[in-house]
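Trainee: Structural data only, the sequence is not supplied:
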């Protein structure tokens, strides 16, 4: 049996998908439209995989699932910070298939479109965060708006068994557009989330 690699990653993630606000996946229900498209970007404030430091790097994914994600047959693209050096790239590629939550998405992919090393711009401002990968991804979060009062509607989800995060600030997407490697979608005005995360080996 292979020895487990020590790891610790801590930071913030920004995500969005094709589902209605709140996202049924958070409550073990099927996706709003029957299929799921979307993804997330993780900013690693501090972290390592094995002996390789990953501080300040960013890692993201975009996916299409024809049904609920857990049923598989997912098309997956991985986006990795182009600033990563050769050793960090090797560590990240190994990490994606080895640790949750990345390994869950990876294991469900029947069509893996590879690792793409790209410039990733992130502005971390809670539910007003923004992620840009020029020519590939534009993701901007926005508050949910109460349709009766027109006021912002804050919502926080505590999910002790959540596999991407234990706490999620739920919101909407002002913009969510992705196009790369033959995978393309636009789900602006749908579900968004901002999450602190921490993943570590036992």
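Mentor: Perfect, I can see it now. Bear in mind that the values here come from a model prediction, so they are computed numbers and not experimental data. Numbering: from 1, shown residues only.

Trainee: Just want the phi and psi numbers for the closest residue to residue 170 other than its chain neighbours.
Mentor: Counting by Cβ to Cβ, 6 or more residues apart in numbering, residue 155 is the residue found nearest to residue 170 once chain neighbours are left out, at 4.3 Å. Just so you know, the C-beta spots here come from the backbone N, C-alpha and C atoms, and that holds for glycine as well. In terms of degrees, to the nearest 10, the main-chain angles of residue 155 are phi -150, psi 130.

Trainee: neighbours around residue 155, how many?
Mentor: 13 (other Cβ atoms under 10 Å).

Trainee: Next: residue 23.
Mentor: By the measure other Cβ under 10 Å, the count of residues near residue 23 is 24.

Trainee: ok, now residue 142?
Mentor: Counted with other Cβ under 10 Å, residues neighbouring residue 142 total 18.

Trainee: One more: residue 91?
Mentor: Residues lying near residue 91 (other Cβ under 10 Å) number 22.

Trainee: Just confirm residue 93 is within a helix.
Mentor: Yes. Looking at residue 93 with DSSP: H, G, I helix; E, B strand; the rest coil, it is inside a helix.

Trainee: these two touch, right, it and residue 116?
Mentor: No. Here residue 93 does not reach residue 116: they are 11.7 Å apart, not a contact under Cβ atoms under 8 Å.

Trainee: In the protein, what residue spans correspond to helices?
Mentor: Per DSSP state H, the chain carries helices over the ranges 86-96, 102-108.

Trainee: what are the bridge partners for the residue most central in space within the chain, then?
Mentor: With distances taken as Cα atoms, centre = their mean, the residue of the chain nearest its centroid is residue 40 (2.0 Å). In this entry, residue 40 is beta-bridged to residue 15, residue 61, by DSSP bridges.

Trainee: separation between it and residue 150?
Mentor: In this view, residue 40 and residue 150 are 29 Å apart by Cβ to Cβ, to the nearest Å.
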